[in-house]
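**Q** any chance you can model this:
(chains A, B, C and D, ligands or ions: 4)
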Amino acid sequence: MHMADALLSPAVGGTMWVATAGTIAHCAKKVQRDLDDRKIPLMGVLGAFIFAAQMINFTIPATGSSGHLGGGMILAILLGPYAAFLTIASVLTVQALFFADGGLLALGCNIFNLGIFPCFISYPLIYKPIAGRRPSPTKIAIGATLGAVVALQLGALGVVVETVTSGISSLPLKPFLSVMLPIHLAIGLVEGLVTTAVVSFVWKARPEILELTAAAKPLGALNLRNVLAGLMVAAVVTGGALSWFASSSPDGLEWSMFKVTGSEELDAPEEGVHHTLATLQEKTAFLPDYGFKQSSPTESIENSEPETSSWPMIDSGTSTSGLVGGILTLMMAAALGLLFKRRAHTV
Amino acid sequence: MSHHIVEVTDLTHTYPDGTMAVRGISFRIHHGESVAVVGANGAGKSTLLLHLNGYLTPQHGSVRIGDFPLTKATVQDIRKTVGMIFQDPDDQLFMPTVYDDVAFGPLNLGLPPEEVEIRVQDALVRTAVAHLRERPPYKLSGGEKRAVAIATVLAMTPDILVMDEPSSNLDPRARRTLIELLAGFHHTKIIATHDLDMVLDLCERTIVIHEGTIMADGPTLDIFNDMELLARSHLEKPFRLQGCPICSGELSR
Amino acid sequence: MSHHIVEVTDLTHTYPDGTMAVRGISFRIHHGESVAVVGANGAGKSTLLLHLNGYLTPQHGSVRIGDFPLTKATVQDIRKTVGMIFQDPDDQLFMPTVYDDVAFGPLNLGLPPEEVEIRVQDALVRTAVAHLRERPPYKLSGGEKRAVAIATVLAMTPDILVMDEPSSNLDPRARRTLIELLAGFHHTKIIATHDLDMVLDLCERTIVIHEGTIMADGPTLDIFNDMELLARSHLEKPFRLQGCPICSGELSR
Amino acid sequence: MAKIESAFFDLSYLDALARRNTCIHRLDPRIKVIATAVFVICVVSFHKYAISAMLPFALVLVLVMGLAEVPASYVARKLLIVSPFAVMVGIFNPLLDHQPLMQLGPIVISGGWISFFSILLRFSLTVSAVLLLIASTGFNAVCMAMVKLGMPRIFAVQLLMLYRYIFVLVDEGIRIHQARALRSFQKRGLSMKTFSHLVGQLLLRTLDRAQRIHLAMLCRGFDGTIRIQRVFTITKGDLFFLANCCTVLFLLRYFDLPLYIGRLLTRLLS
Ligand SMILES: Nc1ncnc2c1ncn2[C@@H]1O[C@H](COP(=O)(O)OP(=O)(O)OP(=O)(O)O)[C@@H](O)[C@H]1O
Ligand SMILES: Nc1ncnc2c1ncn2[C@@H]1O[C@H](COP(=O)(O)OP(=O)(O)OP(=O)(O)O)[C@@H](O)[C@H]1O
Ligand SMILES: [Mg+2]
Ligand SMILES: [Mg+2]
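**A** Ligands and ions are numbered 1, 2, ... in the order given. Prediction:
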């Protein structure tokens, strides 16, 4: 469920980037200040461990499909929230850069969705109160499973909200949610079970390791009020920024850019186009009974802004020119590529 | 019995990043032979061994185990015939108890429970670690881990044993025990190692690998007496053949 | 110079799970001595070594390095005096490039950049790996990694070198190079190992550990000729002495 | 080949590419990071239905890819592997958005299809840009550049250590995976129980390793801060590149080049 750059608007991507960068800076300060210097190599190697573990797939019982470890909860349990957040962020960064999982802009969203919830919601509010200082197999199982489920549900919610507010995908909120949440309920359960199994294994083999992290005061303890206050601020900032952009245009930056440049494509006459299209439509019957009126039901779900359909104009001249120019550009790119390839061979 | 023959013909393996680890290796090992594979770090020993039980399939050339060429279709059968023991027993022992670990293979073969029980017990007794049955593997000593790792393979009753550096990190006694254990098996044995003294004890034939090709293949003693060959392949005489430093005056008493 | 003396008195260490790894060990090592610590798997060698640079603090008994007893207050200084080389060089090379790794220690000492540069270059030259400066450690061969690991320690200009199984998993040539390298250092050296032939080449004194206590402490050759002692502590004669008909007493001189 | 091994290959392959020496490789990493960010932002800021206007960005990528000697086939393969999420979400657009947007002779194409292709194009452009950054710079240099650009140091250290130990741990993971595969026979999948033991075992070894690394650090005077001596210098050439690069990207972003060319051509032809 890694978000991709392609589905994000700059406004949403940028906002989440800022939120994530802020959290990273905060965690970095915390970790640095309360430094238990054992944690530095531990964080690095555990990050690499999550990486290796994620590449080993297991079979999900009764489904035949396979899954892998997410790792957020394991890290939180072993490292405490701040260090765990940094570790998750680093794993996602490497994945984004090397495996092209997500993308640069989407990195903010991905770290937020997969990091914030296990570290700052599930761990302090669910796992800790349940498993606490005196872990037992049952307590670990309940805490880890519940924590993983909640974290993944919130993460999925994040993905949906970010996608929908970006407006690149036409998916409406409700149906998207109704698909994502159940899927991630299942994934969360599996993640919880695996987390439980792995943590219990370690607990049985080397109980002192878990006890150490559970008792490690500086990094383990988390001031609840700070967390809530932080989340509130993040929510307000995010909400504010998003609604500002959303209200100015479905694609804030895009819209403002056009306004600035006064691009000419904007002022094609609406009436005429629709009229042409309507007649065209009747003739070709390519799209049988979908209305062209901007108030058609599907459209109103996807975008409440009336001006949506006003700017990407249909002008057969523009379409053809765009197509011709586009094809030409592509040909140029291909030729350039071939040229380099030839050169590489001769060298 | 022809079906314990191991025949490798013109085998080549290039890793995805372009490292040519094996570059055309051919040999033929007969039933019951005990063969050492030696060579420098990075010569390609481990890569070669991974082909013998089909973990890697030949990119070029072929591998025959007994009557079958190694292909996708035969690889499952071949894995039953060829048992592999890794350098680091920690890689091989991943179940919660020694019993579970040794039973893992037989259970996956789909054997009935009584048969599994018999095989596990037999394997543990042969490697002299029956008393460790219920212990978790990560609490064992280095030598014990190694013995259990061998038991996990024996429980599958392989005809051919393939081992990658089995004696590393063992103390002298544990190493001696291992050698005696291995000397007692009348399987075909293929051992990749840097421990040339162990080769002297266990293998009548030695294959020297250098940069992915076979540099020499012959009777162990002949090879260990060819100083020039040894030097070129980053090897030395086994210590026992090097001569006594005291008598030679290198060390004074 | 008294400050290179290593003195351990009645040292005891019990792990959290109750394993008594070290049970009252005492010895004294003088400046410039080269001492081997040998013993079975699990005898407590590594645990003992971990005390010498203060990674573990004595639960009972004491450790003195030079003029200072090892305590929380002195541990930082002692770590500058004692350089430690690990069994697995991957544990020791944790930075992105060889250069960064070797510079890590000097930078932590707060040295000025030019001095850091000099030390790094010097250490790399002494271990003959100056050409690897900009390479990432994970791309190096086993022998190269080991040499770089030693360079990281030398760059700190320690007075005492402590090594845990430095020769494991090396091919014979890489091992020989390592031995020559170590023979060239005139530091105090303490080496825990199973490679008794290396002990023969490098150490004039040997301490035998068995189940957390000292079984013997004396000149290397005396110890290696005491068959009963060796057998009791899971050891064997070094291979080079095993083959020698003169030393083994089969022939008299 | 198992997934774990192909992933390993990716890491080492990109690493090898990054060690080449071309004019792109020689640029200061900071410059490349900024240029990549500008590129990505320009691409994602196009409106939902943009296609042809984005194509010149592909031209820019191909140019850089050629200069940096990064094989296009590799980038293309990566794109295929990671595309599912974008495709899965994007494919709903044609189903939901029927607003006709384009007309090619007798055919009218709905906005849904256009935005779907737009998503695919964005996806290819942004992902390739990032791959290109790594393939021409290397991970360590990117990290150090980010530090200079204000990333917290401890996070950079975390990234560097993570990257360093991926190679070690994935190797360990591969061996455990091999050992299990050899005793599993027809049973292809890995049951959750076995998986957790396997991964638990790996985790235990990871924790032990972390302890040993910490010890190694302490032995070398580690006091909680990691110091790295690295000097980067931005040359005039670097600045020149950045300025040009940004100018080109902004121009391409504001002026729909293909449209102009197309207009010119169609006018000439008609
Ligand atoms: N997964 C891999 N990807 C790329 N290259 C690899 C991989 N595994 C091994 N190699 C390379 O292949 C070559 C042969 O490696 P191999 O492990 O077979 O050597 P070896 O003879 O077993 O060495 P050693 O004695 O150190 O175990 C080496 O250069 C090694 O770096
Ligand atoms: N972290 C630990 N927790 C509990 N027990 C441990 C730990 N580390 C080591 N031990 C135990 O302490 C004893 C001594 O271990 P140590 O590693 O010092 O032995 P060693 O002499 O170095 O053995 P080897 O030759 O195998 O390296 C062993 O019984 C071992 O199982
Ligand atoms: Mg090998
Ligand atoms: Mg040890």
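**Q** spit out the contact partners of the residue of the stretch 1-150 of chain A found nearest chain C.
**A** The stretch 1-150 of chain A approaches chain C most closely through A:P41 (6.8 Å), counting by Cβ to the nearest Cβ. To be clear about C-beta, it is placed using only N, CA and C from the backbone, and glycine gets the same treatment. Each residue near A:P41 by Cβ atoms under 8 Å, 6 or more residues apart in numbering or on different chains is listed here: C:F94, D:M161, D:A210, D:I213, D:H214, D:M217.
**Q** so which of those are also by ligand 1?
**A** Residues of the contacts of A:P41 in contact with ligand 1 (Cβ under 6 Å from any ligand atom): none.
**Q** the residue of the stretch 1-150 of chain A closest to chain C - that's part of a strand, no?
**A** No. Using DSSP: H, G, I helix; E, B strand; the rest coil, the assignment for A:P41 is helix, not a strand.
**Q** for the contacts of A:P41, which one is nearest chain B?
**A** Distances from chain B to the contacts of A:P41, taken by Cβ to the nearest Cβ, are shortest for D:A210, at 15.8 Å.
**Q** quick check: which element contains the closest one?
**A** helix D:192-219 (DSSP states H and E).
**Q** other SSEs contacting that helix?
**A** helix A:39-54, strand A:58-59, helix A:173-205, strand C:82-85, helix C:89-92, helix D:153-182 (3 or more Cβ pairs under 8 Å, 6 or more residues apart in numbering or on different chains; DSSP states H and E).
**Q** the third one and chain C, any residue contact?
**A** When you say that, I think you mean helix A:173-205. No. On the criterion Cβ under 8 Å from any Cβ of the partner chain, helix A:173-205 is out of touch with chain C, staying 9.8 Å away.
**Q** buried set for that helix?
**A** Neighbour counts using 16 or more other Cβ atoms under 10 Å in any protein chain shown place A:176-177, A:180, A:184, A:187-188, A:190-203, A:205 of helix A:173-205 among the buried residues.
**Q** so what's the closest residue to chain A within the stretch 101-250 of chain B up against?
**A** At 5.6 Å from chain A, B:Y138 is the closest residue in the stretch 101-250 of chain B, using Cβ to the nearest Cβ. Residues near B:Y138 by Cβ under 8 Å, 6+ apart: A:A205, B:D90, B:L93, D:Q201, D:L204.
**Q** SS state for it?
**A** helix.
**Q** roughly how far does it sit from B:M95?
**A** Per Cβ to Cβ, to the nearest Å, B:Y138 is found 10 Å from B:M95.
**Q** list the contacts for A:S122?
**A** A:G72, A:M73, A:A76, A:L146, A:G147, A:A148, A:V150, A:A151.
**Q** now swap in B:L154 and tell me
**A** By Cβ under 8 Å, 6+ apart, the neighbours of B:L154 are B:G83, B:D122, B:A123, B:R126, B:T127.
**Q** the third one and A:Q32, how far apart?
**A** Which is B:A123. Counting by Cβ to Cβ - B:A123 and A:Q32 are separated by 52 Å.
**Q** neighbour count: these two, which is higher?
**A** Legend: neighbour count by other Cβ atoms under 10 Å in any protein chain shown for B:A123 and A:Q32, higher for B:A123 (24 against 16).
**Q** quick check: D:L17 touching D:A135?
**A** Yes. Using Cβ atoms under 8 Å, D:L17 is in contact with D:A135, at 4.3 Å.
**Q** between the two, which contacts overlap?
**A** Counting by Cβ under 8 Å, 6+ apart, the residues touching both D:L17 and D:A135 are D:V70.
**Q** quick one: the nearest residue to D:M217 once chain neighbours are set aside from ligand 2, how far?
**A** In space, and not counting its chain neighbours, D:M217 is closest to A:P41: 6.4 Å by Cβ to Cβ, 6 or more residues apart in numbering or on different chains. A:P41 sits 16 Å away from ligand 2, going by Cβ to the nearest ligand atom, to the nearest Å.
**Q** give me the pLDDT for A:P41.
**A** If you check A:P41, the pLDDT there is 89.
**Q** which parts of chain B are helices?
**A** B:45-52, B:75-81, B:89-92, B:98-108, B:113-126, B:142-154, B:172-183, B:196-202, B:220-224, B:227-232, B:239-242 (DSSP state H).
**Q** as CSV, those with mean pLDDT would be great.
**A** As requested, the helices of chain B are arranged in CSV below (pLDDT from 0 to 100):
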stretch, mean pLDDT
helix B:45-52, 91
helix B:75-81, 85
helix B:89-92, 86
helix B:98-108, 90
helix B:113-126, 91
helix B:142-154, 87
helix B:172-183, 89
helix B:196-202, 92
helix B:220-224, 92
helix B:227-232, 92
helix B:239-242, 84
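**Q** would you reformat these as TSV and include distance to A:F58?
**A** Below are those laid out as TSV (distance: least, Cβ to Cβ, whole Å):
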stretch	distance to A:F58
helix B:45-52	23
helix B:75-81	20
helix B:89-92	18
helix B:98-108	15
helix B:113-126	23
helix B:142-154	21
helix B:172-183	33
helix B:196-202	38
helix B:220-224	44
helix B:227-232	47
helix B:239-242	46
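**Q** could those helices be laid out in JSON lines, adding distance to ligand 2?
**A** JSON lines is the format used below for these (distance: least, Cβ to the nearest ligand atom, whole Å):
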{"stretch": "helix B:45-52", "distance to ligand 2": "23"}
{"stretch": "helix B:75-81", "distance to ligand 2": "31"}
{"stretch": "helix B:89-92", "distance to ligand 2": "12"}
{"stretch": "helix B:98-108", "distance to ligand 2": "16"}
{"stretch": "helix B:113-126", "distance to ligand 2": "21"}
{"stretch": "helix B:142-154", "distance to ligand 2": "4"}
{"stretch": "helix B:172-183", "distance to ligand 2": "9"}
{"stretch": "helix B:196-202", "distance to ligand 2": "18"}
{"stretch": "helix B:220-224", "distance to ligand 2": "28"}
{"stretch": "helix B:227-232", "distance to ligand 2": "29"}
{"stretch": "helix B:239-242", "distance to ligand 2": "20"}
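**Q** out of these, which is closest to D:A58?
**A** Taking Cβ to Cβ, helix B:45-52 is the member of these nearest to D:A58, at 39.9 Å.
**Q** helices or strands next to the closest one in the packing?
**A** Using 3+ Cβ pairs under 8 Å, 6+ apart, helix B:45-52 sits against strand B:6-14, strand B:20-29, strand B:34-39, strand B:60-65, strand B:82-85, strand B:160-164, strand B:188-192.
**Q** could you redo those as CSV and give each row mean neighbour count, distance to ligand 1 and mean pLDDT?
**A** Below are those laid out as CSV (neighbours: other Cβ atoms under 10 Å in any protein chain shown; distance: least, Cβ to the nearest ligand atom, whole Å; pLDDT from 0 to 100):
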stretch, mean neighbour count, distance to ligand 1, mean pLDDT
strand B:6-14, 18, 8, 93
strand B:20-29, 18, 4, 93
strand B:34-39, 25, 6, 95
strand B:60-65, 18, 15, 91
strand B:82-85, 24, 13, 89
strand B:160-164, 24, 7, 92
strand B:188-192, 24, 6, 94
